[in-house]
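Peer 1: could you work out the structure for the sequence below:
(2 chains)
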Amino acid sequence: MLNHVEQLAVGVVVIAFAQPNSLVAYQHRQRLDHVLLLSDPERRAYAAFGLGRGSVLRVWLDPRVWARYLQLMIRGRRPERAHEDTLQLGGDMLIDADGRIGWIYRSRGPEDRPSVTDIQAALRGLRARPEGRS
Amino acid sequence: MTLAPGHQLPDLALTDTQGRTVPLSALAGEETLIVFLRHLA
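Peer 2: Next up, the predicted model:
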């Protein structure tokens, strides 16, 4: 999804709970030079947005997760060994120009991320609200 | 309190790849997609 966000015509900020020095290598590896990467090792922002940890069953043994990994491998991605907490879940948020949260998607599992189409729809909804315009 | 749509971004301080402190609230100014990653692998 991060490779397609340029279509959205919004600023993009990526937050991870790895240390800042690990993020530098990740940024180059993933070719994310166009986005701001921020480190949140204490996961205070994750907690503030209500992004929790999944169970071992949901994160590692759910067939939807393995199907997603298989899909990525078919596309040429090689999974690498994780050095951080693999149970931590992610999410996606849209913020308006006034710094107000417009939309939140909290992942329920590793493979559960909104598509670019989902985000575009959320963005349209946000822009259609009178208070969402700036 | 868990943040929800309609709330303002908090002043939580994060760190960029250069080691600089960036408060979340500083992201105001343009429409922004924030992506929270899982692990980096």
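Peer 1: when you work out contacts or count neighbours from here on, use the C-alpha atoms and nothing else.
Peer 2: Will do.
Peer 1: which stretches in chain A count as helices?
Peer 2: All helices of chain A, identified by DSSP state H, fall at A:20-29, A:44-48, A:56-60, A:63-74, A:116-128.
Peer 1: residue numbers of chain B in contact with chain A?
Peer 2: B:1-9, B:12, B:14-19, B:22, B:25, B:27-41 (CA under 8 Å from any CA of the partner chain).
Peer 1: quick one, what contacts B:Arg38?
Peer 2: Contact analysis of B:Arg38 by CA atoms under 8 Å, 6 or more residues apart in numbering or on different chains lists A:Ala16, A:Phe17, A:Thr86, A:Leu87, A:Gln88, A:Leu89, A:Gly90, A:Pro110.
Peer 1: state the number of residues packed around the fifth one.
Peer 2: By that I understand A:Gln88. By other CA atoms under 10 Å in any protein chain shown, the residues close to A:Gln88 number 21.
Peer 1: what do you get for the third one?
Peer 2: For A:Thr86, the number of neighbouring residues by other CA under 10 Å comes to 18.
Peer 1: pretty sure it contacts B:Leu40?
Peer 2: No. Taking contacts as CA atoms under 8 Å, A:Thr86 lies outside contact range of B:Leu40: 9.3 Å.
Peer 1: if we can go back for a sec, ChimeraX command for the buried members of the residues of chain B next to chain A?
Peer 2: Buried residues among those (16 or more other CA atoms under 10 Å in any protein chain shown), as a ChimeraX selection:
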select /B:3,4,8,9,14,15,16,17,22,25,27,28,31,32,33,34,35,36,37,38,39,40
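Peer 1: among the contacts of B:Arg38, name the ones in strands.
Peer 2: Of the contacts of B:Arg38, the ones assigned to strands by DSSP state E are A:Ala16.
Peer 1: biggest separation within the contacts of B:Arg38, which pair?
Peer 2: Greatest spacing in the contacts of B:Arg38, by CA to CA: A:Phe17 and A:Pro110 (15.2 Å).
Peer 1: any stretches of chain A with poor pLDDT?
Peer 2: Chain A contains residues with pLDDT under 70 at A:1-3, A:131-134.
Peer 1: A:Gly52 is in contact with A:Gln88, isn't it?
Peer 2: Yes. Judged on CA under 8 Å, A:Gly52 makes contact with A:Gln88 at a distance of 6.2 Å.
Peer 1: just the strands from chain B, written as ranges.
Peer 2: Shown for chain B, the strands assigned by DSSP E span residues B:13-16, B:21-23, B:32-36.
Peer 1: packing partners for the shortest one?
Peer 2: Secondary-structure packing of strand B:21-23 (3 or more CA pairs under 8 Å, 6 or more residues apart in numbering or on different chains; DSSP states H and E): strand B:13-16.
Peer 1: much appreciated, bye for now.
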